[in-house]
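S.K.: coordinates only, sequence not included:
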Ligand code: ARG
């Protein structure tokens, strides 16, 4: 029996098969559960328009449920000689059900199948990512509130500049994640539109009920134009990658700060011993490898949109096999992002802060602007006060008053964490993850 869906009167050479299938037999395992869900929706729709008999649909449904279980249990495999997940599912149904299995492909192409699988997979992964981002956000806000009165130096040019605080430092990364969540929201909404029914990219002459599959799969709406639906391949991955890269950018910067502030030369934060690693030669070392690895991994994730872009940048509309290669970069990226987010949350919750930083006189100058402002408030023109304080510092006469009086929004004395939380919550809660989960559960039940 021919194992390729498209094999007719010739067989493709082994060399060509190896090259064209590439890594798909492994990578498509990421998509297996979603391929089955897509087939359940498609077959139910085929039955409703009379292209499958009711008994055929019942049998197919049982068969697909069985395949879903093996995919969920991790035992589903793509056999050698079988091209991809789409072919494997059809082959398994055909082995069990004979000609009925061969009917499921009516009005469909692997082009819209893989489009759909990618959207369903990504939709689910994005839910995980958003929830983890929310967890890290809460950890950062918690640390910000807990240490809101602990001052630290702020830097420009890596030169001691002005008073900052742990409230500001932790809170800054929380607010950065709130902006990243906007990208995730856009990515989620873009994923949450149904490409099924676009077939090879130009629709079908069967009277497909696309509204029905959209509803069955819990999508917000469909990608209406079938040509555009196909154009979403590559574009969706690229835009989702931009959202992941935005989160990764926040984490990489946080990790760099943490590495630096943890060094003895700064000594602003400390990691509990069990969160550090040692050296094989230097017995005193407690290294912040966690932050270094976070930084490197997150820097690599930031290359993802560019890597995807270079693959799909110069393609015209319509399907091309080039798009298959994007899966190699895109599918494994989620595990990496999620791992980084979980670890970032773990370590942020355990960071210890130094409450005595400002006892070191090397930071005295950061209160210079406070003193200038005090003199200006008393009536001295700002430029004269600036000059006086500058000369006092030069001549060693400057005695800092280490109190800060920052009251405006977003400053040391008025962090506005509540407002940041409200902003984050409104973005996060606009994504109805449960609707998608409900639809998927319904497809798997009697
Ligand atoms: N493995 C293919 C991919 O990822 C599936 C679609 C195949 N379609 C085709 N026209 N050859 O793109």
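M.R.: Happy to help now that I have it. All of these numbers come straight from a predicted model, not from anything done at the bench. Residues are numbered from 1 along each chain as shown.
S.K.: Next, the buried residues of the helix or strand residue 168 falls within.
M.R.: Residue 168 belongs to helix 166-191 when assigned by DSSP states H and E. Going by neighbour count (16 or more other CB atoms under 10 Å), the buried part of helix 166-191 is 166-178, 180-181, 183-185, 187-188, 190-191. For the C-beta atoms, the positions are set from N, CA and C on the backbone; glycine is no exception.
S.K.: could you point out which element follows that helix?
M.R.: On the C-terminal side of helix 166-191, the nearest following helix or strand under DSSP H and E is strand 193-194.
S.K.: which neighbours does that following strand have in its sheet, and in what orientation?
M.R.: Each strand that strand 193-194 pairs with, and the sense of that pairing, follows from DSSP bridges: strand 221-222 (parallel).
S.K.: Right, and the ligand sits closest to which residue of the stretch 251-400 of the chain?
M.R.: Among residues of the stretch 251-400 of the chain, the one nearest the ligand by CB to the nearest ligand atom turns out to be residue 324. It sits 3.6 Å away.
S.K.: can you check the stretch 51-200 of the chain too?
M.R.: Per CB to the nearest ligand atom, the residue of the stretch 51-200 of the chain with the smallest distance to the ligand is residue 110, at 4.0 Å.
S.K.: if I pick that residue, what's in contact with it?
M.R.: Residues near residue 110 by CB atoms under 8 Å, 6 or more residues apart in numbering: 5, 84, 86, 87.
S.K.: Only whichever of these are buried, select them in PyMOL.
M.R.: Of the contacts of residue 110, the buried ones can be selected in PyMOL as follows, counting by 16+ other CB under 10 Å:
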select buried, resi 84+86+87
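S.K.: Tell me who's in contact with residue 42.
M.R.: Contact partners of residue 42, counting by CB under 8 Å, 6+ apart, are 104, 107, 108, 196, 213.
S.K.: One more pass at 6 Å, please.
M.R.: Applying CB atoms under 6 Å, 6 or more residues apart in numbering to residue 42 gives the contacts residue 108.
S.K.: Could you check how far the closest residue to residue 315 other than its chain neighbours is from residue 61?
M.R.: Counting by CB to CB, 6 or more residues apart in numbering, the nearest residue to residue 315 once its immediate chain neighbours are dropped is residue 322, at 6.1 Å. Applying CB to CB, to the nearest Å, one obtains 35 Å for the distance of residue 322 from residue 61.
S.K.: Looking at these two, which is more packed in?
M.R.: Set side by side, residue 322 and residue 61 give different neighbour counts by other CB atoms under 10 Å, the larger being at residue 61 (18 against 13).
S.K.: sec struct for that one, please.
M.R.: For residue 61, the secondary structure call by DSSP: H, G, I helix; E, B strand; the rest coil comes out as helix.
S.K.: number of nearby residues for residue 339?
M.R.: Neighbour count of residue 339, defined by other CB under 10 Å: 14.
S.K.: Now do it, the pLDDT please.
M.R.: In this prediction, residue 339 carries a pLDDT score of 98.
S.K.: Look at stretch 208-222 and report the distance between its end residues.
M.R.: 13 Å (CA to CA, to the nearest Å).
S.K.: Over to stretch 303-320?
M.R.: Rule used - CA to CA; the end-to-end distance of stretch 303-320 is 23 Å.
S.K.: hang on, the earlier thing: redo the contacts of residue 110 as a markdown table? Include pLDDT and secondary structure.
M.R.: Compiled in a markdown table, the contacts of residue 110 are given as follows (pLDDT from 0 to 100; DSSP: H, G, I helix; E, B strand; the rest coil):
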| residue | pLDDT | secondary structure |
| --- | --- | --- |
| 5 | 78 | coil |
| 84 | 95 | coil |
| 86 | 96 | helix |
| 87 | 95 | helix |
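S.K.: Pipe the contacts of residue 110 into TSV and attach distance to the ligand per row.
M.R.: Written out in TSV, the entries for those read as follows (distance: CB to the nearest ligand atom, whole Å):
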residue	distance to the ligand
5	9
84	5
86	7
87	9
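S.K.: Would you check which pair of the contacts of residue 110 lies furthest apart?
M.R.: Across the contacts of residue 110, the longest distance by CB to CB is 9.0 Å; it joins 5 and 84.
S.K.: how close does residue 269 sit to residue 195?
M.R.: Following CB to CB, the distance that separates residue 269 from residue 195 is 47 Å.
S.K.: Which of the two has more residues huddled nearby?
M.R.: Each of residue 269 and residue 195 has its neighbours counted (other CB under 10 Å); residue 195 has more, 31 against 21.
S.K.: Now do the contacts for that one.
M.R.: When contacts are counted by CB under 6 Å, 6+ apart, residue 195 is found next to 112, 115, 116, 223, 229, 232.
S.K.: picking that back up, what's the mean pLDDT across the helix or strand encompassing the residue of the stretch 251-400 of the chain closest to the ligand?
M.R.: When elements are assigned from DSSP H and E, residue 324 belongs to helix 322-330. For helix 322-330, mean pLDDT rounds to 98.
S.K.: Relative to the ligand, how far out is the residue nearest the centre of the chain?
M.R.: Nearest to the geometric centre of the chain sits residue 244, at 3.8 Å (CA atoms, centre = their mean). Counting by CB to the nearest ligand atom, to the nearest Å, the gap between residue 244 and the ligand amounts to 20 Å.
S.K.: Was I right to think that residue contacts residue 335?
M.R.: No: contact criterion CB atoms under 6 Å: residue 244 and residue 335 do not qualify, at 11.6 Å.
S.K.: in this structure, which ranges drop under the pLDDT threshold?
M.R.: Low-confidence segments of the chain, defined by pLDDT under 70: 1-3.
S.K.: Run through the residues of it sitting next to the ligand.
M.R.: Applying CB under 6 Å from any ligand atom, we find that the chain lies next to the ligand at 24, 84, 110, 111, 114, 319, 321, 323, 324, 327.
S.K.: Got a PyMOL select line for the buried ones in the residues you listed?
M.R.: For anyone working in PyMOL, the buried entries among the residues of the chain next to the ligand, judged by 16+ other CB under 10 Å, can be selected with:
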select buried, resi 24+84+110+111+114+319+323+324+327
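S.K.: can you put the residues of the chain next to the ligand in TSV and add distance to residue 386?
M.R.: Conversion of these to TSV gives the following (distance: CB to CB, whole Å):
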residue	distance to residue 386
24	66
84	69
110	70
111	67
114	64
319	65
321	65
323	60
324	63
327	59
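S.K.: from the residues of the chain next to the ligand, which two are the most distant?
M.R.: Longest distance between any two of the residues of the chain next to the ligand is 14.9 Å, between 24 and 319; criterion CB to CB.
S.K.: the helices in the stretch 251-400 of the chain, which residues?
M.R.: Counting by DSSP state H, counting those that start in this stretch, one finds helices in the stretch 251-400 of the chain at the ranges 289-301, 304-312, 322-330, 333-348, 368-377, 382-394.
S.K.: what's the last one in contact with?
M.R.: Applying CB under 6 Å, 6+ apart, the contact partners of helix 382-394 are 365, 368, 371, 372, 375, 376, 398.
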